[in-house]
Each structure stands twice: as structure tokens, then as C-alpha cells.
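J.: task: produce atomic coordinates for the following.
(chains A and B)
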Amino acid sequence: MKVYVNCEGVRRGRFELNATGQFGTGTHMISGRIGSGKSTLALAIAGEMPEKGVMIHKEGIESVLLSFQFPEYHVTRSSVSDEIASWGLDENEVIRTVGLIEKSRLDPLRLSRGELKRLEVGCILERDPDLLILDEPFASLDCMWKQWLCERLNRRRKRNRGVTLIFSHERMQLPEADEIWKMETGSLTGLGRVPVAISKWESAPDYIIHALRAGAEPENITMKAAEEALCRMQG
Amino acid sequence: MQDARLKIASVMALSVSAFISMPGALLVLLWWLVFTKRLKSIKNKRVFGMLVIFLVVTGFFITLSGGPGPDYIMKMIIIFIIAAWVYSTYIPGDFMSFSVWLLGEGMGFEIGMIAEMAINAIDDIIRDYYRIRTAMEIKGERFSAFSLIQTGMTLVINQLERADGQAKILKVRGYTRGGRYATEFPFDVAGILGAITAFLILLVSVFSFSDVFIVIQ
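T.: Sure thing, here's the model as predicted:
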């Protein structure tokens, strides 16, 4: 499976998007500051940007799902269980996975932002599409649920299941990745494959920077990988 | 038109002119053709198209109930194109400058700030609306009466959350009431001509409306 992206000089108001690249099977971490164009690129890759100059070609991909940064956008039903059913999923199973059994009758819009986020992200992960696009999936989640999300994404990666694009500026907990990309003022730059790309990642989370400065060579971008690299170095 | 005072006064004069008489509405349309960038001044044509459909449906029901439906549709579309024009030429700070100039740094500042926040919210609501539609497409859901209610609820809740956030930021920054604001009104000949014409249209419209009123009596 592969996604070819070619967006040169795509204008949206005063913002200009310039992104060229190929995303193969595996997990791609696309990092960048707020306002750098991550959400716009996520929309473009999902095929939801009608502007001229957006060229997205998908090879071997039949299903695409985009998770928005703001989970409220996804809500189309007036109870948590109906919302899960609207994704075509078994509500009993998903509601347990996302830890909302006691809130199944509640209106999703009455959940906290974090609860709603894990409900929608949980549903999207459960659908397991060929191309999974996650726009700021860690935003609003607490440590425990960030960990849960990382584990789910790691499982998907180990199964070698499709293309996963994670657009995030998360700096505390990250899942394993195969490639790292950088988004800056609307321009996308590929830093390469992990682990080689890690040393080129200027905006890496602090725990990676700390490990690199100490002379360690993390094998991946997770906190565990950074800790292991430090341990290896210390013998 | 760069001077916020002229812009807002013209919009008020043109809206009243279009609303009170049919000749006034036609003159406003002419004004729009001469003094604006015409169709380019309608920033979001899809949203505008939806508003026109809404007006046509409302006008249809007015006609069914024996009222002047076509007149209503015509007048309201013209008022909406004027609103679209002022929205497209809006420069952040326009309403603040106008309000502080008119009512001072107490009440004027507060009304101006509310107006600025409201106009910024329009962009947020439009963006939210498109995201919700996209999310529905992703789920494979069709647009229905129920989804319209759900969409409306999400839009309202998002706006309330943003308003809550803004209120908290103002409080944290120590805002209580009023404030100082340096108003700025660039000199602009085309704007002055446009505003004078708008007021002449208002006069014509008021007189033609008075004539109708006399004939009815």
C-alpha cells in the first residue's frame, strides 16, 4: 500500500501548502508546531480538499479514515452507544474498550473532551482502515489513555496493517514509527526512516533529545526506546 | 471602502433602503454593481447559495399565505449581498474603531469587542460546518433533518466552549470593563463617494416609501 502526495503551491486564504512525498505501509510521524499546516495536509490526504493543485494518488488502498483533532465534529448520534453503532461497530465491545460502559446512554456531546476523543478514536481504530489518518490523536487524552492509544497503534504496526499517518505535536508519549516527517510553515520535509531519522529530528520530544545528548541511540521514538538506549549505553 | 465609519454607515443606509421599498432595493443593487467587486465580494458562495435557497423557501411560504413573497426574496437577497460585501471587506479592528469612535472607550470598547468576536466566530462556524459534513461523509452518513439538528447542536456547543475560553482568557488578563483603543480611519475618496451615494439612495427610498404610505391612506 502506498500514498503519493503532491501538493505544490496549494493556497487556502493566506496559507500555502507545499507537500511532496510517498507514504508506504507502516507508521509515519508527521510533527510540527500548531499552525504549521498539519491539519490541512491531513485533510488533503483524506481527499477532502477540493483546491487546485492537490494531487493524491492511493495504491492498494480501499478504505480511508480521518480522525479530526476536535472529536465533536464526528458526533452524529445522541447517545454513546448509538454513536458507536453509527460507525458500524459492535457497541458492547467498543464501549468496554474505551471505558465508557457507565455512560452508554449519555449524549456524546455531554462527555468530557477526553472521553469523547477516546470514543471517536476508539471507533476509528476499531474500523481498521487501509489508510488511517490521525490529526492530533493525543490531544485531550490523559497519560493512561495516551498509553492505551500508543499500544493500539503499535499493535497495528506489528500486524503490518496499512498506512498510518499521525499528525501530532505530542511530546510526552509516542507510538513506534517507521518514518519521521517535519511540517514547517506549510512545507513538508521527510527526515527519513527510523532510527536514522531520529538524530535529524530537531523538534523531537525532550526524552529523545536527552537520550541523544547523552550519546545514546534510540531504536525508535517511544520513551521506552529512549530509556533502553540509555541503559544500553550505561552497560 | 477603508474607513470603517463610512463602511458601517453605508451598510446601515443601504440595508434600510433595500428593506423599506422596492425602488430602494433596486438602487442598492445598482450601488453594489458600481461600488463593490460584485461577485468577488461574496467570500463563500456555497454558504451564500444556501442562504438564498432558505430565502426562496421562506418567500414561497409567504406567497402561499397571501403575502408579497417575490418582493421579500428580492429585498432580502439584496440585503444579504450587502452583508456579504461588508464581511468580505472587513479588516480586523473595523468594528472596534467605529464603536470606540462613536461611543467612547467605556461602552464603545465593550460593544466593539463583542462585535469583533462575533465576526470572528462566523469564520469558526463555517469551518466547523465543513468539518462536520466531512466527518459525516467519512462515516458514510447522509444529510437528514436529524443530522441537521445534531450539526446545529455541535456548532452551538463549539461556539459556547470557545466563548467560555475567551472569557477565561480575558479574566486571567485582568479585564474588567472598557479599555483604550487607538482608532484609525484611512482617508479614501472612493469610500466617501460610495457613502454619499448610499445616503442619497436612502433618501430616495424613504421618499418612495412615504409615497406608498400616502397612497394607502
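J.: quick one: name the residues of chain B near chain A.
T.: For chain B, the contact set with chain A under C-beta under 8 Å from any C-beta of the partner chain comprises B:128, B:131-132, B:134-139, B:141, B:147, B:150, B:153-154, B:157-158. Every residue, glycine included, has its C-beta placed from N, CA and C.
J.: in these, find the pair that's most separated.
T.: Across those, the longest distance by C-beta to C-beta is 21.0 Å; it joins B:Glu137 and B:Ile157.
J.: any idea of the mean pLDDT in the helix or strand where B:Ala167 lies?
T.: In the assignment (DSSP states H and E), B:Ala167 maps to helix B:145-172. Over the span of helix B:145-172, the pLDDT mean works out to 89.
J.: now whichever helix or strand comes after that helix: buried residues?
T.: Sequence-wise, the next helix or strand downstream of helix B:145-172 (DSSP H and E) is helix B:189-216. For helix B:189-216, burial by neighbour count (16 or more other C-beta atoms under 10 Å in any protein chain shown) applies to B:Gly191, B:Gly194, B:Ala195, B:Thr197, B:Ala198, B:Phe199, B:Ile201, B:Leu202, B:Ser205, B:Ser208, B:Phe209.
J.: how is chain A partitioned into domains?
T.: Using automatic domain parsing, the domain ranges for chain A come out as A:2-63+A:129-201, A:74-127.
J.: ok, so what distance separates B:Ala18 from chain A?
T.: According to C-beta to the nearest C-beta, to the nearest Å, B:Ala18 and chain A sit 30 Å apart.
J.: for that residue, pull up the helix or strand it's in.
T.: For B:Ala18, the host element (DSSP H and E) is helix B:4-20.
J.: quick one: which of the domains of chain A is nearest B:Ile78?
T.: Nearest to B:Ile78, of all the domains of chain A, is domain A:2-63+A:129-201, at 27.3 Å by C-beta to C-beta.
J.: start and end of the closest one, how far apart?
T.: End-to-end distance for domain A:2-63+A:129-201, by C-alpha to C-alpha, to the nearest Å: 23 Å.
J.: with mean neighbour count and distance to B:Ile169 added, can I get the domains of chain A in CSV?
T.: Below are the domains of chain A laid out as CSV (neighbours: other C-beta atoms under 10 Å in any protein chain shown; distance: least, C-beta to C-beta, whole Å):
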stretch, mean neighbour count, distance to B:Ile169
domain A:2-63+A:129-201, 18, 16
domain A:74-127, 19, 17
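J.: could these go into TSV alongside distance to A:Glu219?
T.: Formatted as TSV, the domains of chain A follow (distance: least, C-beta to C-beta, whole Å):
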stretch	distance to A:Glu219
domain A:2-63+A:129-201	5
domain A:74-127	24
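J.: could you look up the SS state of the residue nearest the centre of chain A?
T.: The residue lying closest to the centre of chain A (C-alpha atoms, centre = their mean) is A:Ile166, at 2.3 Å. Here A:Ile166 is recorded as strand under DSSP: H, G, I helix; E, B strand; the rest coil.
J.: which of the buried residues of helix B:189-216 sits closest to chain A?
T.: Nearest to chain A out of these is B:Gly191 (C-beta to the nearest C-beta; 24.0 Å).
J.: looks like the closest one contacts B:Leu6 (just checking).
T.: Yes - B:Gly191 lies in contact with B:Leu6 (C-beta atoms under 8 Å); the separation is 4.6 Å.
J.: show me what the longest helix seen in chain B is packed up against.
T.: Taking DSSP state H as the criterion, chain B has its longest helix at helix B:109-139. Using 3 or more C-beta pairs under 8 Å, 6 or more residues apart in numbering or on different chains; DSSP states H and E, the elements in contact with helix B:109-139 are strand A:64-67, helix B:94-103, helix B:145-172.
J.: now it: buried residues?
T.: Neighbour counts over helix B:109-139 (16+ other C-beta under 10 Å) mark B:109-113, B:115-116, B:121, B:128-129, B:131-136, B:138-139 as buried.
J.: and what of stretch A:212-219?
T.: Residues A:Leu212, A:Ala216, A:Glu217, A:Pro218 are the ones in stretch A:212-219 that count as buried (16+ other C-beta under 10 Å).
J.: before we move on, what SS does residue 33 have?
T.: Here I'm looking at chain A. Assignment for A:Arg33 (three-state DSSP): coil.
J.: tell me the contacts of the residue nearest to the centre of chain A?
T.: By C-beta atoms under 8 Å, 6 or more residues apart in numbering or on different chains, A:Ile166 lies in contact with A:Thr27, A:His28, A:Met29, A:Ile30, A:Leu134, A:Pro137, A:Leu153, A:Pro175, A:Ala177.
J.: do the same with A:Gly53
T.: A:Cys7, A:Glu8, A:Gly9, A:Val10.
J.: now name the helix or strand holding the residue most central in space within chain B.
T.: Centroid-nearest residue in chain B: B:Ala83, 3.8 Å away (criterion: C-alpha atoms, centre = their mean). Using DSSP H and E, B:Ala83 falls within helix B:69-88.
J.: what helices or strands is that helix leaning on?
T.: Here helix B:69-88 touches helix B:4-20, helix B:22-35, helix B:45-64, going by 3+ C-beta pairs under 8 Å, 6+ apart.
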